[in-house]
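> One predicted model, sequence on top.
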Amino acid sequence: METNVFTQHMDRRQIFKKNNREILRPSYIPDVLPHRQEEINSLASVLVTALKGERPSNILIFGKTGTGKTACVKFIGNEIKKAGGEEATVTFIYMNCEVVDTSYGVLQNIGNQFVKDFDQRIPFTGLSIMQVYNMLRDKLDEQNHVIIIALDEIDKLVYKSGDDVLYHLSKINDDLKKARVSVIGISNDLLFTEMLDPRVRSRMEGEKMVFPPYNADQLKDILRQRSSLAFDEGVLEEAVIPLCAALAAQEHGDARRALDLLRIAGEIAERENSEKVQELHVLKAKNKMELDTVSEAIRTLPTQSKMVLMCIVTNVERGTEKLTTGDVYETYKEMSRILGMGPLTQRRITDLISELDMMGIIHARVRSFGRGGRTKEIDLSVPLAETKKVLEEDDVFVSLKHYKQRNQTTLM
Ligand code: ADP
Ligand code: MG
């Protein structure tokens with residue numbers, strides 16, 4: 001058989017069971033959620049009311065990321081659907097407010113779940129909140145249903161655009177004749193209710209639940225369950241699961257992180273054509289994840305901060321010794337000229353440098369010299385090549401490259 005560029009990759013060892021890599025992704029909901037039976041039972045004991053045709057109390061769920069909030073709520077949603085059967089009079093709606101991130105969007109989206117005809121849909125823009133609310137109320141009231149609305153990451157929406165949604169949804173029952181609505185709010189932030197209007201808060205705080213972080217042993221159980229579905233037997237070396245669990249427990253007992261570590265370790269092992277996933281692959285996965293986090297932080301910096309960072313990168317690359325704020329500012333002024341962007345003051349640049357320092361992207365030590373003179377000595381805390389690569393993704397630096405090609409300047 002003829003070989004081509006894919007040949008050597010085609011007979012690469014399979015680490016994951018066929019097509020089962022997805023099982024380690026956060027979107028997958030397992031049939032059983034170890035160490036969350038208690039939480040699921042409490043949810044069930046509140047929501048069972050809906051199956052009897054009555055309105056359950058509103059529920060607020062708190063917990064750090066990766067404590068299984070989303071998984072448990074989606075799980076219970078599926079159970080409600082199963083228990084309701086064909087003639088179900090309970091509707092369960094799940095919405096992630098980080099995706100649908102305006103009050104208008106949430107109300108419109110909920111309303112449209114009840115619309116079959118396309119031309120009856122609530123438009124995605126152009127109405128007032130009150131108009132959307134009225135349309136939503138009418139749609140809900142067309143049936144004698146109990147409607148459970150789970151709003152995931154609700155804290156993000158409230159931070160961004162206030163508590164309108166919760167205000168409307170928590171009082172909608174007063175305006176409904178047939179339907180009944182109950183809300184499950186899910187938040188990563190324990191203090192989130194303090195942002196709510198007191199009336200909204202008291203209506204929302206029917207039942208409060210806190211999901212505690214997992215400890216290392218619990219994470220091991222979660223990983224074992226998933227790995228038996230995702231990997232062939234014997235592919236994982238003994239130490240792999242305990243290591244993933246220990247690393248994730250150190251963070252704050254985040255099951256998502258534990259699963260990501262395991263998945264990425266598997267992918268690295270596969271790429272290296274290794275027969276097994278080893279401890280070393282987990283450590284490499286940890287490094288990769290840390291690097292990805294840094295890259296993402298850099299990618300989302302404001303333009304001026306990116307410019308400052310680029311100046312630091314340039315200086316480090318050039319081998320400038322004892323890089324000071326003044327050096328960075330000189331480079332920055334030149335760069336602003338080339339990019340045609342009005343330069344900020346040195347004072348502002350000093351602030352941006354401090355911000356980068358606080359984010360852990362650079363390290364700035366205060367150095368005293370002579371008679372009370374002080375300056376900062378700046379170092380990159382992240383890998384240079386990687387940082388430069390991420391910065392260069394930003395179109396703002398395109399002209400810098402052209403400039404470099406045309407003029408053999410020291411800059412860049
Ligand atoms: P949260 O919403 O609290 O941030 P998630 O529910 O998204 O956390 O959980 C993160 C990941 O961990 C998901 O892949 C989820 O399936 C998994 N997970 C969390 N808790 C459990 C559990 N008790 N059993 C099995 N998998 C879990
Ligand atoms: Mg979640």
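Received it, and whenever you're ready, just let me know what you need. Ligands and ions are numbered 1, 2, ... in the order given.
> Number of residues surrounding the closest residue to ligand 1 within the chain?
Of all residues in the chain, residue 68 sits closest to ligand 1, at 2.8 Å by Cβ to the nearest ligand atom. For glycine as for every other residue, the C-beta is placed from the backbone atoms N, C-alpha and C. Neighbourhood size, residue 68 [other Cβ atoms under 10 Å]: 24.
> what's the nearest residue to it if we skip its chain neighbours?
residue 36 (5.1 Å; Cβ to Cβ, 6 or more residues apart in numbering).
> Count the neighbours of that neighbour for me.
21.
> from memory it sits against residue 70, does it?
No: applying Cβ atoms under 8 Å as the test, residue 36 and residue 70 come out as separate, 11.5 Å apart.
> For stretch 24-32, buried residues please.
Buried residues in stretch 24-32, counted by 16 or more other Cβ atoms under 10 Å: residue 24.
> Tell me which residues are up against it.
Contacts to stretch 24-32, defined as Cβ atoms under 8 Å, 6 or more residues apart in numbering, come from residues 22, 70-71, 74-75, 78, 225-227, 229-230, 256, 259-260, 262-263, 266.
> Which members of those are positioned in helices?
70-71, 74-75, 78, 225-227, 229-230, 256, 259-260, 262-263, 266 (DSSP state H).
> Give me the PyMOL select line for those residues, limited to the buried ones.
To isolate the buried members of those in PyMOL, using 16+ other Cβ under 10 Å:
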select buried, resi 70+71+74+75+225+226+227+230+256+259+260+262+263+266
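> who in the stretch 1-150 of the chain is up against ligand 1?
For the stretch 1-150 of the chain, the residues found near ligand 1 under the criterion Cβ under 6 Å from any ligand atom are 26, 29-30, 33-36, 63, 65-71.
> Any stretches of the protein with poor pLDDT?
1, 8-13, 372, 403-412 (pLDDT under 70).
> separation between the residue lying closest to residue 115 once chain neighbours are set aside and residue 103?
Leaving aside its sequence neighbours, residue 115 sits nearest to residue 121 (Cβ to Cβ, 6+ apart; 5.2 Å). Separation of residue 121 from residue 103 (Cβ to Cβ, to the nearest Å) stands at 18 Å.
> the more surrounded of the two?
residue 103 (24 against 14).
> my guess is the more buried one contacts residue 157, does it?
Yes: counting by Cβ under 8 Å, residue 157 is a contact partner of residue 103 at 7.4 Å.
> joint contacts of those two?
Contact with both residue 103 and residue 157 is made by residues residue 165, according to Cβ under 8 Å, 6+ apart.
> which residues in the stretch 51-200 of the chain form helices?
Residue ranges of the helices in the stretch 51-200 of the chain, as given by DSSP state H, counting those that start in this stretch, are 69-84, 103-112, 129-140, 154-161, 164-171, 198-204.
> Let me see the contact set for residue 375.
324-326, 366-367, 369.
> Of those, which belong to helices?
325-326.
> which of the contacts of residue 375 sit farthest apart?
326 and 366 (13.8 Å; Cβ to Cβ).
> So between these two, which is more surrounded?
More crowded of residue 326 and residue 366, by other Cβ under 10 Å: residue 326, with 13 against 8.
> Spatially nearest residue to residue 77, not counting backbone neighbours?
In space, and not counting its chain neighbours, residue 77 is closest to residue 92: 4.3 Å by Cβ to Cβ, 6+ apart.
> ah, wrong one, I meant residue 192
Counting by Cβ to Cβ, 6+ apart, residue 192 lies nearest to residue 155, which is 4.1 Å off, once chain neighbours are set aside.
> hang on, the one you found packs against residue 193?
No: Residue 155 is beyond contact range of residue 193, at 9.3 Å (criterion: Cβ under 8 Å).
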